[in-house]
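> Pasting the sequence and the predicted model now:
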Amino acid sequence: MDGLVRLLELVYSAGSVSVTDVMRLGFDREVQEERGWLSFLHGWCVHVADRVAYLDAIIQELEFCRRHMFVGQLVVELRSGDAVVLANSIMYFKAICDFGVEKLANMQLFLQASAAHLDRRMQFLARFNAM
């Protein structure tokens, strides 16, 4: 039933009962949906890249404070054993950052695959429009 409703909506939107016009509109919508997905995925890649850069900056600051404990004492009150807390925090943030880097790499691969898929759909639509 859902397919019939979608087909009727396409016929109405195309303003024609010609199969060619309806199919052209359907293929065009598919390309538009893929472009939207690609844009969304690209935005997520940018978000993850920004988060990785932010985590990397935190790690650098924590490592600096661990190497130069007097700098850390200017900001917060350090007690004995806080060097262990700093080391654990660095390991924690590095694990999160490494996961973010891996996620970004996977997302970029998916983005490339999605872009290739969009190109194939656009080529098909161009061939269909040329008929």
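Looks like it came in fine.

> I'd say Phe27 and Arg121 touch.
Yes: Phe27 is within contact range of Arg121, at 7.5 Å (criterion: C-beta atoms under 8 Å). (Each C-beta comes from the backbone N, C-alpha and C, glycine too.)

> residues bridging contact with the two, i.e. touching both?
With contacts defined as C-beta atoms under 8 Å, 6 or more residues apart in numbering, no residue is shared by Phe27 and Arg121.

> same for the helix or strand hosting Ala57, what does it pack against?
Applying DSSP states H and E as the criterion places Ala57 in helix 19-67. Counting contacts by 3 or more C-beta pairs under 8 Å, 6 or more residues apart in numbering; DSSP states H and E, helix 19-67 packs against helix 2-14, helix 69-75, helix 82-130.

> Now Met122: closest residue in space, sequence neighbours ignored.
Leaving aside its chain neighbours, Met122 sits nearest to Val31 (5.7 Å; criterion: C-beta to C-beta, 6 or more residues apart in numbering).

> quick one, what contacts that neighbour?
By C-beta under 8 Å, 6+ apart, the neighbours of Val31 are Leu118, Arg121, Met122, Leu125.

> State the number of residues packed around the first one.
The local packing count at Leu118 equals 17, with neighbours defined by other C-beta atoms under 10 Å.

> likewise the second one?
Here the neighbour count serves as a burial measure; for Arg121 (other C-beta under 10 Å) it reads 17.

> Could you measure from it over to Asp28?
Applying C-beta to C-beta, to the nearest Å, the value for Arg121 to Asp28 is 10 Å.

> The first one too?
Leu118 sits at a distance of 13 Å from Asp28 (criterion: C-beta to C-beta).

> With Cys97 instead?
42 Å.

> mind showing which ranges of the chain have poor pLDDT?
For the chain, applying pLDDT under 70 flags the ranges 1-8, 10-12, 14-17, 19, 69-84, 131.

> tell me, what residue is most central in it?
Central residue of the chain (C-alpha atoms, centre = their mean): Trp44, 2.7 Å from the mean position.
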